[in-house]
Structures are given as structure tokens and as C-alpha cells.
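J.: give the three-dimensional model of this entry:
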Amino acid sequence: SQLFSTTVHGDPETPLLRAYLGDPIMVRALDQTMNESHTWNVTGHYFRTEQHMAESQPDNTLHIGIAERYNLLMAAGGPQQMAGDYLHYNGRISKLGEGSWGLIRVLDEVQSDLKVLPGRETVPKSATSVCPSDAPVKQFNVVAMDYAMSLHSKAGETITVDFDRKIQLRNPEGKIYALENEVQKISSGSLRPHPLVLRVNVGDCMKVTLKNNMKKHKAGMRVDMLAMDPHKDMGVAVGNNSGDHAIKPGGKKSYTYYAHPEIGVNSALIRDWGNVLINPRDGLYGAVVITPRGSTYRDPRSGADVTMGNNWQVDVIVDRAIPENASRKNYRDAVLMFTDEDQIMGTSFMPYLQQTAGLTMVNYRLEPYGYRQDLGCDASNMFYCVAAGKDPETPIITAHAGDEVVVHIFGASNEQNGVFAIEGHEWPLEPFREGADRLSATNFGSAERNNLYLEAGGSFALPGDYVYMNARMPYMESGQWGILRVLPVG
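T.: Below is the predicted model of the structure:
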């Protein structure tokens, strides 16, 4: 948790970007001669990939491949407009560990060795609080805990793939976030958890009290996109910021975040930075989903109110009495979090690997081809093989034909880029831009998220089971697939 502290180590040797609070910053992101894809993440700030389009969704992570370049425009100090040191880094854990990170130092006092920009001679002072005094407050009590994971309830511990490598279906070193009121059920085995998913509305102030119940590791909480105080709520000691934001075993800490209207309806990754090189790989991650102002949430099956719950799938009930929501519909909302750790796949390793190995998950679950093949399934019936049981153990998204469905795809901890697809469905590249190009597959990398807006059953609203997948075949074969179940209307 002190890896990125200037107080401990001095400033990093990587370029130090300095700016005054509110200055426009243009980052030119280029991938010149690399043989691998990367992701670039910036904390406390956001950019729009379509910088001149007001409807373009704010983002803070970008995957970038060979010969690509992007121009990313940000305002120094982010939506919270607070001075401090902010981390930018490669979302791939291995590359982060190799030193692919740096600092953005945002200042609110004039420095002798940094000129002010013309037209910005007056440097503003930092805001004194993250949340407006009249913002609705949502309080969550969260626990970081050890959890020995079983990715499939019936399969063995491993599946052997090429070159005697193995897909792991158990992780005795697993770690998760959970709500405090879920801990007993999880520990007793009566609740099989998904990654933590918290939902707030645009304009909400989110307060999280995190308790570290893990036996060995420090815990922290780093939430992307939401406004936060870099000196209190970064989740890790960064640069010259005060304090160590991580928590020793048995300790607790409170964090405050604001779903700023600039970020809008969106979603954000939660990642542990108490030990970022290990804990996210083992499952210590989650998501925050930001919904329209004033929304409530219900369980899709029971109809119970789950507004303050931890649910990977909910129905979002929009308050259309609020003018900005007048044209919005109620919708189904689901979160899928993908992880992998195979660094060799896709590299110039001869002979070329055909299958991935190590830990590979979707929401702490997996449905490997190998397991089904051992039961007698083959390529012709892999997704509806009676011998393997009715449904896969991976999440099943459920909706009625024609329902609006929003699926949030996260690269929670990854060494590879994935390609997410749902057969028979498309979604707009920019969901709030009329006439935007439509996609049937989308890339995602480590620490990245995508918000996919689609209609259940596709263009013709046809009921049936549709396979969602990581369309990179080795990862699909490893078990990164599931079902979108579209029921008839009514």
C-alpha cells in the first residue's frame, strides 16, 4: 500500500505531469512498437473518447494496441476539483508491477517553476468537500474477507490444457468484498457470492465503511470515476498525499464518494489497492453502477426492494417525475466481471498456445468446455447439453422480450484483452448519441468497463436463450460464457 508513496520512495522516475487546478490537460496516448495490448487508467479524472461530443460517455480507462493513438482531454483535479497527487497506470497487473505508472500532480498554489496558462492567471483553491451538503446519502458497510473460491460446484480442482498447463477451478487464496450483513451467510456456505455491486443514483453521496476481516493482507478501496478526496479516499498512498488509505487486518476506514452529474449514468470499477499486485487477482474487486437520479431497484424474481443491497442483477425503476428522466424507461441492469491471468497467450511463444491457463472467471464462476466434454457433450451441443445439466454455473441474465437491458462489462483483473459478444444482439457505440454506430462485439481490457444498452431478443424481440461470451476462443473454451435468457412478453 506504500508502493506509490513519494514520502517513502520519492517521486517515480516516470514523467511527472504537473498542472494547476482546473487546467485543461491533453494526454496523447500512443502505443508505438509493443507486441501486446495495454490499458491506461487515470484516477480522479475522466475523459471522453469522443472529446468533441457532449453525449460521449465519460471514461477513465482506455485499452490501446499496436500503432493506436488517442487524444484524451481532462480537467486537472477532476470533477471534485481538488488538488493532490493522482495515479495513472497500466491496468494490467504485471505491467503495473514492472513500473508502468506515474503521477499527475494537481496544484492550487502557484509554483515558481511552473508557469500559469495564459488566460488562467488566477489559480482556484481546492473544494473543501466532495459531496454537496444537500446530496442524498447512501451508506454501505462493506467487509473485505478471505473466501476460498470454487468456480464450479461439480468439476474438479483443475483441467489440464496444452503443454500440461492447467485451468484452475479452485482458489484457496480467494478474497472478496461483501456487505456486512452477508458475511455470515457466505461463511456458512448458504450464499455463493458474486463480486460486490453497489448502486447509487446521479447526485448521490456514497459513504462506505470498509472493515478488513482478512487474516494477512491490508485492504483498501479504490473507486474509479466517482468524485473523491485524493487525500482521504484514494484507497492507497499516492505521491505526497497525506496518510495510508489502506487498512490492516481487523481495522476499518470510511470513504466518501460523489456520483457527480458530470459522470452521469455510468459504472465504475472497485479495486483493492491494499495489495494491488495480488488481491485483485484473487477476487478483491467490485463495481459501482450509477443510475438515473431518484431511481430505486428491485429483485427481478421476487420484486423485493434491493436499493441498499449487493446484487449483480436488478430491475432499475426510474422516477420519471424528475424532468431529466422524463424520456427514460425502466430497465434490467446486470454486471459481468471477467478475470484472467495468462500472460503467454497471444505472444510469440512457439509453438503457439491453443488454450489459456491459470485463473479465469466470470463473477467468480466458470463453465469450461473440458468439463462438459468429459460428460459427453461435443461442439454440436455444448451450450444445451443435457448431460451437463440444464444451465451453466456462470450468471444467467433474465429479461422479457423487448425489455431494455443494460449489461456492464468489466475487466476486473486481466492480462489479456477480451472481446464480449451476445449472439443475436447489438448495442450503440455511444448509448446516448442518436444514430451512433451499432456493435455486436466490444473489446475490454484490465481495469476497463463497457456499458452496453440493448433490447432483449435483439432487433425482432425474439424469446429464447442467447449465448454471451468472451469471443476469444481460448477464453470461451475455458468457461467464459453464459446465457441471456429472453422470456416471452407478459
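J.: contacts for stretch 119-130, please.
T.: For stretch 119-130, contacts defined as Cβ atoms under 8 Å, 6 or more residues apart in numbering pick out 20-23, 77, 80-84, 107-110, 116, 205, 227-229, 233, 256-258. To be clear about C-beta, it is placed using only N, CA and C from the backbone, and glycine gets the same treatment.
J.: for the stretch 101-250 of the chain, just list every one of the strands.
T.: 101-107, 137-146, 149-150, 158-160, 166-168, 170-171, 175-179, 196-201, 205-212, 222-223, 238-239 (DSSP state E, counting those that start in this stretch).
J.: under the pLDDT cut-off, which ranges of this protein? List them.
T.: Applying pLDDT under 70 to the chain picks out residues 33-34.
J.: so who does the most far-flung residue of the chain relative to its centre touch?
T.: No residue in the chain sits farther from the centre than S112, which is 39.4 Å out by Cα atoms, centre = their mean. Contacts of S112 were listed using Cβ under 8 Å, 6+ apart, and none were found.
J.: which one of the strands of the stretch 101-250 of the chain lies nearest to Y466?
T.: strand 196-201 (22.1 Å; Cβ to Cβ).
J.: quick one: strands adjacent to the closest one?
T.: strand 285-291 (parallel) (DSSP bridges).
J.: work out the gap between the partner strand and the centre of the chain.
T.: 7 Å (Cα atoms, centre = their mean, to the nearest Å).
J.: after it, next one along is what?
T.: Per DSSP states H and E, strand 285-291 leads on to strand 296-298 as the next helix or strand towards the C-terminus.
J.: show me what that next one is packed up against.
T.: Helices and strands touching strand 296-298, as assessed by 3 or more Cβ pairs under 8 Å, 6 or more residues apart in numbering; DSSP states H and E, comprise strand 313-317.
J.: just want the angle from the following helix or strand past the strand it packs on to strand 285-291.
T.: Helices and strands here follow DSSP H and E; after strand 313-317, the next one along the chain is strand 331-339. Using axes from the mean of the first three to the mean of the last three Cα atoms, to 10 degrees, the direction of strand 331-339 lies 160 degrees away from that of strand 285-291.
J.: about what we covered before: in CSV: the strands of the stretch 101-250 of the chain, plus mean neighbour count and distance to I270.
T.: Shown next, in CSV, are the strands of the stretch 101-250 of the chain (neighbours: other Cβ atoms under 10 Å; distance: least, Cβ to Cβ, whole Å):
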stretch, mean neighbour count, distance to I270
strand 101-107, 22, 19
strand 137-146, 19, 9
strand 149-150, 20, 18
strand 158-160, 17, 29
strand 166-168, 18, 23
strand 170-171, 18, 19
strand 175-179, 24, 7
strand 196-201, 25, 7
strand 205-212, 21, 9
strand 222-223, 24, 5
strand 238-239, 23, 17
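J.: now those strands in JSON lines, with distance to L73?
T.: Below are the strands of the stretch 101-250 of the chain laid out as JSON lines (distance: least, Cβ to Cβ, whole Å):
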{"stretch": "strand 101-107", "distance to L73": "14"}
{"stretch": "strand 137-146", "distance to L73": "31"}
{"stretch": "strand 149-150", "distance to L73": "40"}
{"stretch": "strand 158-160", "distance to L73": "46"}
{"stretch": "strand 166-168", "distance to L73": "41"}
{"stretch": "strand 170-171", "distance to L73": "40"}
{"stretch": "strand 175-179", "distance to L73": "32"}
{"stretch": "strand 196-201", "distance to L73": "26"}
{"stretch": "strand 205-212", "distance to L73": "26"}
{"stretch": "strand 222-223", "distance to L73": "22"}
{"stretch": "strand 238-239", "distance to L73": "22"}
